[in-house]
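Asker: Please work out how this folds:
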Amino acid sequence: MVEDGVQRLAYIGFGEAGMAFAAGLRGGVAYDRKTDLAETAQAKRDDYAARGVTGADSSDAAVAGATLILSLVTADQALAAARAAAAAITPGALFCDLNSVAPDTKRAAAAIIMAAGGRYVDVAVMAPVDPAGRAVPLLIAGPHAAAARVALATAGFTRARVLDGPVGAASSVKMIRSVMVKGLEALTTECFLAAEAAGVLDEVAASLDASWPGTDWAAKADYNLDRMMVHGLRRAAEMEEVVKTLDVLGTGSAMTRGTVARQRAVGALALVPAPGLDAKLRAVGAGHAHGPESRESAASAAAMSHAPEREQERYA
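Answerer: So this is what the prediction gives:
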């Protein structure tokens, strides 16, 4: 059991979110599967060192003895991360699942952690972690939400709020919100790519600005496309979890399936965003021109498929 009152923090996954949360905090132990690969190991160890975090060679090593565990992996690896953590979790340790996954996925992860003696917490990250860091708004749900709020506050999280409800309640808010947030990213990208291709970009942007006074649609499209270029594949995995959420609710997921396809198509180009909307549109347009049917049709087919998922064996 966790008895000595000393909080020991572990990060499972140390990408953008983990690094943002660790900045300025110093301490803690982290494991990221990039250290398993020769080509990415040193760069990830450098990330640990830059933020004063001790690197672990395995999930077991990171989790052992930790009292507060932050699971920060990609959506398709959330269950695998919970399964790995359960093998070494200290009884009574708080396992905060901050991953963007469906309520059913969180409930499955909760069963794994609780069977191993851990205390599972459903946490939803409600805004970009960069530049907010530990000031990002968090929603916390489940039977151990109150204890998690205290532990997170001790770790420097200043905007964690308990949502009254079981495991899956916070995730439901996050998933349904993402229909709009990630969907708008995909929609603005589709709109502005078409406007650029047709040679009417300025007219379309001006018309949108006139329809929604106070909104700079070109600036919004620039930001949204930047995020998709950098995080499109990760966002596509998250939106597949949103599709699961909507399908369970029975409200329909047609628009969100389109979001999956568009996010994946842009992310798969693996482009480094250049400054300015025009440069981004040209780069993405050129990438699609080298095989738009194969890229987007394949992505759309994957998004629309109802085939069972393959179980993920590894996590990031």
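
Asker: which secondary structure elements does whichever strand in the chain runs longest contact?
Answerer: Longest among the strand segments of the chain by residue count, using DSSP state E, is strand 119-125. The contact analysis (3 or more CB pairs under 8 Å, 6 or more residues apart in numbering; DSSP states H and E) places strand 119-125 against strand 94-97, helix 103-115, strand 138-141, helix 145-154, helix 169-198. C-beta coordinates here come from the backbone N, C-alpha and C atoms, glycine included.

Asker: Of those, give the one that comes closest to Pro213.
Answerer: Among the helices and strands packed on strand 119-125, helix 169-198 comes nearest to Pro213, with 17.3 Å by CB to CB.

Asker: Which elements pack onto the closest one?
Answerer: Helix 169-198 packs on helix 103-115, strand 119-125, strand 138-141, helix 201-211, helix 217-249, helix 254-267, helix 277-289, going by 3+ CB pairs under 8 Å, 6+ apart.

Asker: Including mean pLDDT, could the ones you listed go into JSON lines?
Answerer: Output for the helices and strands packed on helix 169-198, formatted as JSON lines (pLDDT from 0 to 100):
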{"stretch": "helix 103-115", "mean pLDDT": "98"}
{"stretch": "strand 119-125", "mean pLDDT": "98"}
{"stretch": "strand 138-141", "mean pLDDT": "98"}
{"stretch": "helix 201-211", "mean pLDDT": "98"}
{"stretch": "helix 217-249", "mean pLDDT": "97"}
{"stretch": "helix 254-267", "mean pLDDT": "97"}
{"stretch": "helix 277-289", "mean pLDDT": "93"}
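
Asker: May I see these organised as TSV, with mean neighbour count and distance to Ser178 added?
Answerer: Below are those laid out as TSV (neighbours: other CB atoms under 10 Å; distance: least, CB to CB, whole Å):
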stretch	mean neighbour count	distance to Ser178
helix 103-115	20	13
strand 119-125	27	10
strand 138-141	24	13
helix 201-211	14	22
helix 217-249	21	5
helix 254-267	23	8
helix 277-289	17	21
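
Asker: Dump these to CSV, plus distance to Ala195.
Answerer: Output for the helices and strands packed on helix 169-198, formatted as CSV (distance: least, CB to CB, whole Å):
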stretch, distance to Ala195
helix 103-115, 37
strand 119-125, 32
strand 138-141, 36
helix 201-211, 4
helix 217-249, 9
helix 254-267, 15
helix 277-289, 8
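
Asker: Relative to Arg83, which of these is closest?
Answerer: Among the helices and strands packed on helix 169-198, the nearest to Arg83 by CB to CB is helix 103-115 (5.6 Å).

Asker: Name the surrounding residues that touch the closest one.
Answerer: Contact with helix 103-115 is made by 75, 78-79, 82-83, 85-86, 89, 95, 97, 101, 119-120, 122, 142, 167-169, 171-172, 175, 241, 244-245, 248, as judged by CB atoms under 8 Å, 6 or more residues apart in numbering.

Asker: For the residues you listed, which ChimeraX command selects only the ones that are buried?
Answerer: Filtering the contacts of helix 103-115 down to the buried ones (16 or more other CB atoms under 10 Å) takes a single ChimeraX command:
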select :75,78,79,82,83,85,86,89,95,97,101,119,120,122,142,167,168,169,171,172,175,241,244,245
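
Asker: Check the spacing between the most centrally placed residue in the chain and Ala116 real quick.
Answerer: In the chain, the centroid-proximal residue (CA atoms, centre = their mean) is Ser100; its distance is 5.0 Å. Distance of Ser100 to Ala116, computed by CB to CB, to the nearest Å: 23 Å.

Asker: just to revisit the earlier point, nearest approach to Arg8 belongs to which of the helices and strands packed on helix 169-198?
Answerer: For these, distance to Arg8 was read as CB to CB. The smallest value, 14.5 Å, belongs to strand 119-125.

Asker: Who are the contact partners of Pro143?
Answerer: 119, 166-167.

Asker: JSON lines for those residues, including distance to Thr256?
Answerer: Listed next are the contacts of Pro143 as JSON lines, based on distance: CB to CB, whole Å:
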{"residue": "Arg119", "distance to Thr256": "32"}
{"residue": "Pro166", "distance to Thr256": "24"}
{"residue": "Val167", "distance to Thr256": "22"}
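
Asker: Arg134: which of the residues you listed is nearest?
Answerer: Nearest to Arg134 among the contacts of Pro143 is Arg119, at 20.7 Å by CB to CB.
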